[in-house]
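**Q** Mind looking at a prediction? Sequence and model below.
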Amino acid sequence: MVNPTVLAGMAPARFPSCSRKVLQGAICSLLVGWGAGASAQAHPPGKPQASQAPLTQAAPAAAEAAASRTPIVPKAGSAAEAPSVASAAAQRLPQLSLNEVVRAVLDHNPDLRAVEQSRTTARAGVVSASALPNPKLEWNQGRNSARVPGAAAGTVQGWAVALPIENPAVRGARVEAARAGEQGSVHFVATTRNALVAQVRLRAYEMVLREAEVEAAKEAVRLLEQAHERVRVRVDSGEAARYEIIKADAEIIQARQQEQTARLRAEQAQLALGRLAAGQLPVRFRLDVSLEDPLRIEDMGEIDPMEHPELRQLKAEVERAQARLDGAKASRWPGVELRYGQTREPDVRLNTVGVSIQIPLLDQHRGPIDEAASELERARLQLEGRQIELRQQTLQAWKELEMARLRTQALSQGSVREAESALRVAEAAYRFGERGILDVLDAQRVLRSIRADLLDARYQLQAARIQLEYLAGRYDDPSAL
């Protein structure tokens with residue numbers, strides 16, 4: 001009996017291309033006949049098979065099946081309909097909303113909790129600045145020795161009370177500086193909260209992006225595995241050259257590496273989100289967030305960067321520096337000290353009242369005054385620079401939002417459809433023998449690349465929206481979340 005595999009490998013070299021379909025029909029007839037003979041040996045004639053068909057009916061059917069090539073790459077919908085163990089496991093994971101994640105981060109983030117302690121420190125600073133100086137009490141005792149005749153000798157006692165009276169201008173400036181520091185600490189907490197919430201939202205959308213990349217990579221591996229199997233059959237039967245299976249092997253290896261990389265990035269994104277909550281989130285969870293969340297520019301309202309809490313913090317720093325400058329100027333006359341004392345001798349009682357004041361004769365406090373003036377100028381320049389920077393960042397964020405929106409529309413409405421059409425054309429050309437497997441793989445690669453660009457564009461759109469809301473300071477109030 002002739003080996004049909006050897007015949008199939010030798011056929012393309014012996015017969016012209018015009019009789020290719022006839023040759024395929026003959027090969028399939030031999031295959032069916034060989035299979036029928038083997039089946040006849042396995043089953044005696046006395047035991048007929050219910051599923052056995054006549055050879056005359058099987059040969060044309062096999063030839064027709066060989067002549068009409070089915071597409072080696074299934075459509076995107078067929079792969080999505082297949083049951084997946086990984087997707088079923090993902091559905092069993094706990095699902096959290098974005099607000100739940102934000103609340104968990106705000107309640108347990110160590111950096112935010114440390115910053116919130118600064119408000120307690122600032123309030124204590126106001127109490128310290130408002131405190132009045134304590135009075136001083138002095139007591140002494142000794143002996144009096146007579147050195148001249150008639151002088152009385154004995155014990156000598158004395159006591160004195162001193163009350164410092166601070167310059168009201170110095171005290172008022174110190175209190176104002178402390179209160180400005182307290183307000184600055186409140187705004188600093190709001191600034192930290194605003195940045196933290198924006199970071200959490202950005203990390204959440206990044207996590208969704210990475211999970212979408214994992215699903216796309218898994219889909220690519222499934223499609224390439226099916227294509228690889230069909231290419232292997234064609235190469236083994238001699239219908240395709242050896243380099244096609246080599247190319248298919250390289251493509252599937254690369255796709256598996258990309259899938260592993262995507263899984264690693266998804267795990268890193270979820271771990272980064274969990275670190276912000278100090279490990280209070282589940283180890284594995286799903287987010288009720290989508291990159292396709294609707295975004296309407298008219299619903300965002302007016303974005304005013306002057307409402308950013310960092311600007312309020314810098315304004316409080318300017319007020320604090322101004323109060324310190326006023327205090328440095330007033331400290332040249334720090335205040336007076338009232339003193340009352342009494343001394344008792346054996347034959348004399350002495351009462352004294354005094355006033356003590358420091359005269360700025362040698363030290364005019366030029367150093368502290370110049371230092372405070374320099375700090376005030378630095379705070380003002382920092383405030384002005386940050387205002388300009390926020391305006392520029394707002395304009396840039398608007399441009400990024402518009403670019404991401406246009407890019408998303410162009411990819412979703414144009415490039416993706418064109419790439420899908422190109423893939424269908426390549427599949428049809430492959431079915432009719434006009435194109436090779438390399439053209440189909442290239443079309444698949446282009447479609448995967450465009451879909452990845454679409455995912456990135458949608459992520460950039462959400463990131464630009466978060467950036468605008470952060471610049472407007474909409475995350476500084478926890479009750480508004």
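**A** On my side now, so go ahead.
**Q** quick one: pLDDT of residue 335?
**A** In this model, residue 335 is scored at 87, pLDDT.
**Q** now residue 243
**A** At residue 243, pLDDT is 81.
**Q** How many residues are close by it?
**A** Around residue 243 there are 12 other residues, counting by other C-beta atoms under 10 Å. The C-beta positions use only the backbone N, C-alpha and C, and glycine is treated the same way.
**Q** hang on, isn't residue 263 packed against residue 214?
**A** Yes. Using C-beta atoms under 8 Å, residue 263 is in contact with residue 214, at 5.5 Å.
**Q** Give me the more crowded residue out of those two.
**A** Higher neighbour count among residue 263 and residue 214: residue 214, with 22 against 16, using other C-beta under 10 Å.
**Q** Mind telling me what element the more buried one is part of?
**A** For residue 214, the element it lies in under DSSP states H and E is helix 168-237.
**Q** for residue 131, phi and psi?
**A** Phi and psi for residue 131, reported as degrees, to the nearest 10, are phi -70, psi 140.
**Q** Let me see the contact set for it.
**A** By C-beta atoms under 8 Å, 6 or more residues apart in numbering, residue 131 lies in contact with nothing.
**Q** 10 Å instead, please
**A** Residues in contact with residue 131 (C-beta atoms under 10 Å, 6 or more residues apart in numbering) are 171, 174-175.
**Q** ok, and the most crowded of those residues?
**A** Using other C-beta under 10 Å as the neighbour criterion, residue 174 leads these with 23 neighbours.
**Q** so how far is residue 241 from the closest residue to it other than its chain neighbours?
**A** The shortest distance from residue 174 to any non-neighbouring residue, by C-beta to C-beta, 6 or more residues apart in numbering, is to residue 129 (4.6 Å). With distances taken as C-beta to C-beta, to the nearest Å, residue 129 is found 87 Å from residue 241.
**Q** Among those two, which residue is more densely surrounded?
**A** Comparing residue 129 with residue 241 by other C-beta under 10 Å, the one with more neighbours is residue 129, at 20 against 13.
**Q** Check the secondary structure at residue 434 for me.
**A** coil (DSSP: H, G, I helix; E, B strand; the rest coil).
**Q** hang on, it packs against residue 427?
**A** No. Residue 434 is not in contact with residue 427 according to C-beta atoms under 10 Å; the separation is 11.1 Å.
**Q** between those two, who's got more neighbours?
**A** residue 427 (21 against 11).
**Q** List the buried residues in stretch 168-177.
**A** Within stretch 168-177, the residues that count as buried by 16 or more other C-beta atoms under 10 Å are 170-177.
**Q** Just the CA trace of that stretch, in PDB.
**A** The C-alpha trace of stretch 168-177 is given here as PDB (Å, rounded to 0.1, in the frame of the first residue of the first chain):
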ATOM      1  CA  PRO A 168       1.500  93.900  72.200                       C
ATOM      2  CA  ALA A 169       2.800  94.200  68.700                       C
ATOM      3  CA  VAL A 170       5.200  91.400  69.100                       C
ATOM      4  CA  ARG A 171       2.700  89.100  70.700                       C
ATOM      5  CA  GLY A 172       0.000  90.000  68.100                       C
ATOM      6  CA  ALA A 173       2.400  89.200  65.200                       C
ATOM      7  CA  ARG A 174       3.400  85.900  66.800                       C
ATOM      8  CA  VAL A 175      -0.200  84.900  67.200                       C
ATOM      9  CA  GLU A 176      -1.100  85.900  63.600                       C
ATOM     10  CA  ALA A 177       1.900  83.900  62.400                       C
END
